[in-house]
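**Q** For reference, the sequence and a predicted model appear below.
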Amino acid sequence: MFDLVVRSRRVVTSEGERPAAVAVREGRIAALYAYEAPLETAEDVDLRGLPLLPGLVDTHVHVNEPGRAHWEGFASATRAAAAGGVTTIVDMPLNSVPPTVTPDALDAKLRAAEGRCHVDTAFWGGAVPGNLEHLRPLHERGVRGFKCFLSPSGVEEFPPLGPDEARRAMAEIAGFGGLLVVHAEDPALLAVPAGPSYREFLESRPGAAERSAVELVIRLAEETGARVHVLHVSSAACLEPLESARARGVPVTAETCPHYLTLAAEQVPEGDTSFKCCPPIRDEANRDRLWDGLARGVLDCVVSDHSPSTADLKVPDFAAAWGGVASLQVGLPAVWTEASRRGYGLADVTRWMSTQPAAIAEISRKGAIKPGNDADLVAFDPDAANPVDARALHHRNPVTPYHGRTLRGAVLTTWLRGRPVDGEPYGTFLLGEK
Ligand SMILES: [Zn+2]
């Protein structure tokens with residue numbers, strides 16, 4: 001007897017799409033049966049030809065609570081996540097106040113999140129100057145790893161590490177088998193924008209700055225043995241050093257984001273700073289090369305870097321506006337729109353947005369439809385026209401560069417551990433346990 005059976009002719013598994021009946025007991029996937037298998041179950045859902053995906057794992061979400069809950073918060077972020085097919089988020093340590101750089105700050109985070117999460121939620125810690133002694137205790141409390149910047153983060157309470165501080169942090173993290181995730185831009189190659197236009201903003205943050213920082217991170221990983229993950233790769237100039245490091249066996253992984261894969265500098269309307277993020281959205285030729293890097297596995301995964309703010313900080317001046325793109329609820333259809341146009345399938349998108357991020361954050365119960373995993377499931381209509389109205393999203397602030405676009409594909413139902421996500425926040429914390 002099962003609690004739930006979901007049948008689909010297109011169940012997306014790690015081996016590709018196939019007809020199956022996914023049987024769920026006590027929140028876990030108990031087994032996969034033939035599509036038409038007669039099964040004893042409390043609830044039997046037949047999606048027929050509509051695909052069933054594993055819930056997405058978004059390892060790059062700035063929830064901003066406590067302290068900047070008016071930018072986003074656990075209730076709104078996780079409601080948006082569920083509506084977008086994301087069943088696990090990993091919260092970034094900065095933009096909340098305090099940032100998650102001490103065990104006390106993690107406690108403040110957990111208090112803010114308690115009882116408000118509509119999806120399962122994990123946490124990154126932060127590595128900042130002076131908090132070396134807090135890294136191991138935070139690791140033992142169950143953060144999935146540590147984020148650092150090498151250039152100013154945009155908020156003064158989360159300063160960057162210099163190269164020597166980064167080396168010491170990596171040596172410490174290597175000592176307990178942890179992970180460092182890095183915002184990789186070399187401050188020596190960044191400039192103040194010469195003016196308010198998008199072109200001037202883009203020129204102030206060249207691809208060479210990303211590449212130089214990625215090269216530093218790789219050198220330090222080789223020196224210290226620390227496992228490192230490069231966040232939000234925007235420049236294809238990073239692909240070559242990443243690829244050669246991997247070939248040498250350096251433990252480095254990398255992500256890119258929906259906006260770098262689906263938007264391009266040529267299309268940024270002048271003054272529309274909903275498109276502003278760091279590193280910036282680059283040109284179309286660069287975007288094609290990012291897709292190639294993803295297809296070849298040089299880039300491991302695609303996660304949102306959902307980094308919202310209030311609308312008043314998005315002034316129509318690219319030099320002055322807050323940098324951050326809000327996209328948590330629309331990442332899947334955005335990526336699917338472009339991926340399907342380029343000939344990729346749902347198994348590819350699922351690998352990039354669910355399986356690989358779960359593996360990098362070491363969340364082994366998530367990221368695939370297979371027996372033993374949590375029954376995090378998404379019914380997805382891949383052909384639905386999905387017009388985006390920022391005001392209709394669950395994000396706290398109605399600001400996103402996807403506003404007014406019609407994306408391809410819509411999430412119909414999201415199940416978290418075998419239960420459809422409804423009004424009640426029954427998400428749990430993923431602390432420590434693999
Ligand atoms: Zn970020």
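**A** Noted; the coordinates are in hand. Numbers count the residues shown, from 1 in each chain.
**Q** and Val421, how many neighbours?
**A** Val421: 23 surrounding residues under other CB atoms under 10 Å. Backbone N, C-alpha and C define where each C-beta goes, glycine included.
**Q** Against Pro258, how distant is it?
**A** 21 Å (CB to CB, to the nearest Å).
**Q** Tell me who's in contact with Pro93.
**A** The contact partners of Pro93, by CB atoms under 8 Å, 6 or more residues apart in numbering, come to 99-101, 105, 123-126, 143, 146-147, 158.
**Q** Could you give the secondary structure assignment for it?
**A** The assignment at Pro93 comes out as coil when based on DSSP: H, G, I helix; E, B strand; the rest coil.
**Q** Over to Val45?
**A** At Val45, secondary structure determined by three-state DSSP is strand.
**Q** and it, how many neighbours?
**A** For Val45, using other CB under 10 Å, the count is 18.
**Q** Looks like it contacts Arg7 (just checking).
**A** Yes: taking contacts as CB atoms under 8 Å, Val45 lies within contact range of Arg7: 6.9 Å.
**Q** What ranges does the stretch 151-300 of the chain have for its helices?
**A** Along the stretch 151-300 of the chain, the segments classed as helices by DSSP state H, counting those that start in this stretch run 163-175, 198-204, 207-224, 239-247, 258-262, 284-295.
**Q** Now do the buried residues in the third one.
**A** Going back to what we said before, that points to helix 207-224. Buried positions in helix 207-224, judged by neighbour count with 16 or more other CB atoms under 10 Å: 207, 209-218, 220-222, 224.
**Q** Pull it out as PDB, backbone CA atoms only.
**A** Extracted in PDB, the C-alpha atoms of helix 207-224 (Å, rounded to 0.1, in the frame of the first residue of the first chain):
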ATOM      1  CA  GLY A 207      35.500  38.800 -18.700                       C
ATOM      2  CA  ALA A 208      39.200  39.000 -17.900                       C
ATOM      3  CA  ALA A 209      38.400  39.900 -14.300                       C
ATOM      4  CA  GLU A 210      36.400  36.700 -14.000                       C
ATOM      5  CA  ARG A 211      39.100  34.600 -15.600                       C
ATOM      6  CA  SER A 212      41.900  36.000 -13.500                       C
ATOM      7  CA  ALA A 213      39.900  35.200 -10.300                       C
ATOM      8  CA  VAL A 214      39.100  31.700 -11.500                       C
ATOM      9  CA  GLU A 215      42.800  31.100 -12.100                       C
ATOM     10  CA  LEU A 216      43.600  32.300  -8.600                       C
ATOM     11  CA  VAL A 217      41.000  30.000  -7.100                       C
ATOM     12  CA  ILE A 218      42.300  27.100  -9.100                       C
ATOM     13  CA  ARG A 219      45.900  27.800  -7.900                       C
ATOM     14  CA  LEU A 220      44.800  27.900  -4.300                       C
ATOM     15  CA  ALA A 221      42.700  24.700  -4.600                       C
ATOM     16  CA  GLU A 222      45.800  23.000  -6.000                       C
ATOM     17  CA  GLU A 223      47.900  24.300  -3.200                       C
ATOM     18  CA  THR A 224      45.500  23.600  -0.300                       C
END
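**Q** helices and strands around it, which ones?
**A** Counting contacts by 3 or more CB pairs under 8 Å, 6 or more residues apart in numbering; DSSP states H and E, helix 207-224 is packed against helix 163-175, strand 227-230, helix 239-247, strand 252-256.
**Q** how about 7 Å then?
**A** Here helix 207-224 touches helix 163-175, strand 227-230, helix 239-247, going by 3 or more CB pairs under 7 Å, 6 or more residues apart in numbering; DSSP states H and E.
**Q** any idea of the mean pLDDT in that helix?
**A** Helix 207-224 shows an average pLDDT of 98 in the prediction.
**Q** Mean neighbour count, the helices and strands packed on helix 207-224: which tops it?
**A** strand 227-230 (a mean of 24; mean count of other CB atoms under 10 Å).
**Q** so what strands line up beside that one?
**A** strand 179-183 (parallel), strand 252-256 (parallel) (DSSP bridges).
**Q** from the chain's centre, how far out does that strand sit?
**A** 14 Å (CA atoms, centre = their mean, to the nearest Å).
**Q** One more: stretch 87-102?
**A** 13 Å.
**Q** what do you get for stretch 385-399?
**A** On CA atoms, centre = their mean, the centre of stretch 385-399 falls 18 Å from the chain's centre.
**Q** So Leu407: helix, strand or coil?
**A** strand.
**Q** Across the sheet, point out what pairs with it.
**A** Applying DSSP bridges, one finds that Leu407 bridges with Asn386.
**Q** who touches the closest residue to Val303 other than its chain neighbours in this structure?
**A** Residue nearest to Val303 in three dimensions, not counting chain neighbours: His60, with 4.1 Å by CB to CB, 6 or more residues apart in numbering. If you count contacts by CB atoms under 7 Å, 6 or more residues apart in numbering, His60 has them with 92, 231, 255, 303-305.
**Q** Out of those residues, who's the most crowded?
**A** Greatest neighbour count in the contacts of His60, by other CB under 10 Å, goes to Ser304: 32 neighbours.
**Q** before we move on, which element is that residue in?
**A** Element membership for Ser304 (DSSP states H and E) is empty, with no helix or strand holding it.
**Q** so it touches Cys257, yeah?
**A** Yes: counting by CB atoms under 7 Å, Cys257 is a contact partner of Ser304 at 6.3 Å.
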